[in-house]
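Asker: Here you go, sequence then predicted model.
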Amino acid sequence: PAAIPFHGPRQAGVTAPQQPATQLLALDLPQTSAAADRQTLRTVLDELTHTLAMAASDAPSDARLQGVGTTRLTSLVGVGPGLATRLGLDVPAGLAELPPFPGDRLDQARGGGDLLLQLCAADRWTLTVVAELAATAAKAAGATPRWSQSGFLSVTAPGTTPRNLFGFKDGTANPGPAQDEQFVWGPPGAHQNGTVLVYRRIRMDVAGFAALPADQRDRTIGRHESDGVPLTGTTEHDDPDIYAKNPDGSYVIPANAHVRLTSPRLDGGARMLRRGYSYDDGPTDRGLLFCAFMRDPAQFVRVQDRLATRDALTPFLQHQASAVAYVLPGAAVGGSLGAPLWA
Ligand code: HEM
């Protein structure tokens, strides 16, 4: 298989077709003086660029990767809001840590961070080797690993939607390339090749949800579990019609259904690009690594504010970690991630 190019105006890990496995990795930088820390950030980004470009190339030079040939690695690197503020970096104005939401049970040791990396590939072996190479390179330049998290997708035929651990298709109603320009990538200007990643580690009560009767599971989401078709439609990619009513005047898609409360129709048409992965870290610790890309994280805040108190899914979920990062524009051949920060 051909390598997925690392270099380009935009980092490949945002919109390249989703791969079976992911690894997220957060790093912290030392806090000395702004001038010294800017230099550290620059060196760390140079090192990460070099390592990730090597690992994604047709012929990786590292001995471990040589044996397996092309990795088809995709990656992205982003900077966290705390670091951006400390160093006065030119990031989108809306970049900020998320506010607390009702029901949050966040573990600080599993979230946040000055730098966030997401690696994706066909298998976890590749990801662990590359994560190790990236962390070693970043450590040599002064960064400290903060947390990491691995995840996986259900196997599906190309072009079909993977399922989450509740068994539902997840990722159906995503924006297409044209809408990405409006809602995912930054506006024309300094950030038009960047985006914001919102990450939430959400534990799911898989057994509790499975114990609901089948029709109630469908009504919780607002789609059919079997094929992902909205309760108001006939094919998976029909847009859920949140205004359709039953003869008795009730909504076909219930008032507390997930696809109602997340509907772009409630946000003036605004969308986010969701690329979630499942995780399994023990018998009672399974769920979704919610990863979504958007121009402005306020979009996530508006949706999650509705979900936290009203979503029929909420009793089966627990948000356990959170991170936000400005995904930097891509690196030109011979250039480095973060170059626009120093222009
Ligand atoms: C849609 C599951 C958390 C935002 C969906 C769908 C499912 C689903 C099954 C319908 C299929 C699809 O369009 O992809 C889940 C589960 C979650 C979760 C199991 C937690 C473990 C969240 C969170 C947000 C969110 C935290 C944002 C705050 C959305 C959006 C849609 C969606 C925007 C598409 C709505 C539309 O355009 O019709 N989710 N979701 N979800 N979800 Fe979630």
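Answerer: Structure's in. What do you need?

Asker: what's near enough to touch the residue of the stretch 1-150 of the chain found nearest the ligand?
Answerer: In the stretch 1-150 of the chain, the residue that lies nearest the ligand is residue 101 (9.0 Å; Cβ to the nearest ligand atom). No exception for glycine: its C-beta is placed from N, CA and C like everyone else's. If you count contacts by Cβ atoms under 8 Å, 6 or more residues apart in numbering, residue 101 has them with 304, 305, 308, 319.

Asker: swap in residue 116?
Answerer: Here residue 116 is in contact with 24, 25, 26, 27, 77, 78, 79, 80, 197, 199, 323, 325 (Cβ under 8 Å, 6+ apart).

Asker: The residue of the stretch 1-150 of the chain closest to the ligand should be in a strand, yeah?
Answerer: No - counting by DSSP: H, G, I helix; E, B strand; the rest coil, residue 101 is not found in a strand; it is coil.

Asker: Point out the ones among the contacts of residue 116 that are inside strands.
Answerer: Among the contacts of residue 116, the ones falling in strands (DSSP state E) are 24, 25, 26, 27, 77, 78, 79, 197, 199, 323, 325.

Asker: how close does the third one get to residue 131?
Answerer: Translated: residue 26. According to Cβ to Cβ, to the nearest Å, residue 26 stands 11 Å off from residue 131.

Asker: Quick check: neighbours shared by these two?
Answerer: 117, 148.

Asker: So if I had to pick from the two, which one is more boxed in?
Answerer: residue 26 (25 against 21; other Cβ atoms under 10 Å).

Asker: Does the residue nearest the centre of the chain have any beta-bridge partners, and if so which?
Answerer: In the chain, the residue lying closest to the centroid (Cα atoms, centre = their mean) is residue 291, at 2.2 Å. Beta-bridge pairing for residue 291 (DSSP bridges): residue 199.

Asker: so residue 71 is in which element?
Answerer: In this structure, residue 71 sits in neither a helix nor a strand according to DSSP states H and E.

Asker: residues near it, how many?
Answerer: With other Cβ under 10 Å as criterion, residue 71 counts 24.

Asker: before we move on, what about residue 87?
Answerer: 18.

Asker: same question, residue 136
Answerer: Other residues close to residue 136 by other Cβ under 10 Å number 13.

Asker: secondary structure class for it?
Answerer: helix.

Asker: Buried residues of stretch 135-152, list them for me.
Answerer: 135, 137-138, 141-143, 145-152 (16 or more other Cβ atoms under 10 Å).

Asker: go on, stretch 37-44?
Answerer: 37, 38, 40, 41, 42, 43, 44.

Asker: other SSEs contacting the strand or helix carrying the last one?
Answerer: Assigning secondary structure by DSSP H and E places residue 44 in helix 34-56. Packing contacts for helix 34-56, counted by 3 or more Cβ pairs under 8 Å, 6 or more residues apart in numbering; DSSP states H and E, involve strand 74-79, helix 81-87, strand 115-121, helix 124-140.

Asker: Show me the strands in the stretch 201-343 of the chain, by range?
Answerer: 273-274, 277-280, 286-294, 317-327 (DSSP state E, counting those that start in this stretch).

Asker: Export those as CSV, with columns for mean pLDDT and distance to residue 336.
Answerer: Formatted as CSV, the strands of the stretch 201-343 of the chain follow (pLDDT from 0 to 100; distance: least, Cβ to Cβ, whole Å):
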stretch, mean pLDDT, distance to residue 336
strand 273-274, 98, 25
strand 277-280, 98, 28
strand 286-294, 98, 22
strand 317-327, 98, 15
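
Asker: Pipe these into JSON lines and attach distance to residue 210 per row.
Answerer: Converted to JSON lines, the strands of the stretch 201-343 of the chain look like this (distance: least, Cβ to Cβ, whole Å):
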{"stretch": "strand 273-274", "distance to residue 210": "22"}
{"stretch": "strand 277-280", "distance to residue 210": "15"}
{"stretch": "strand 286-294", "distance to residue 210": "12"}
{"stretch": "strand 317-327", "distance to residue 210": "14"}
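
Asker: For the stretch 1-150 of the chain, which residues score under the pLDDT cut-off?
Answerer: Judged against pLDDT under 70, the stretch 1-150 of the chain has no low-scoring part.

Asker: Please enumerate the helices of the stretch 101-250 of the chain.
Answerer: In the stretch 101-250 of the chain, the helices defined using DSSP state H, counting those that start in this stretch lie at 124-140, 177-183, 206-210, 214-221.
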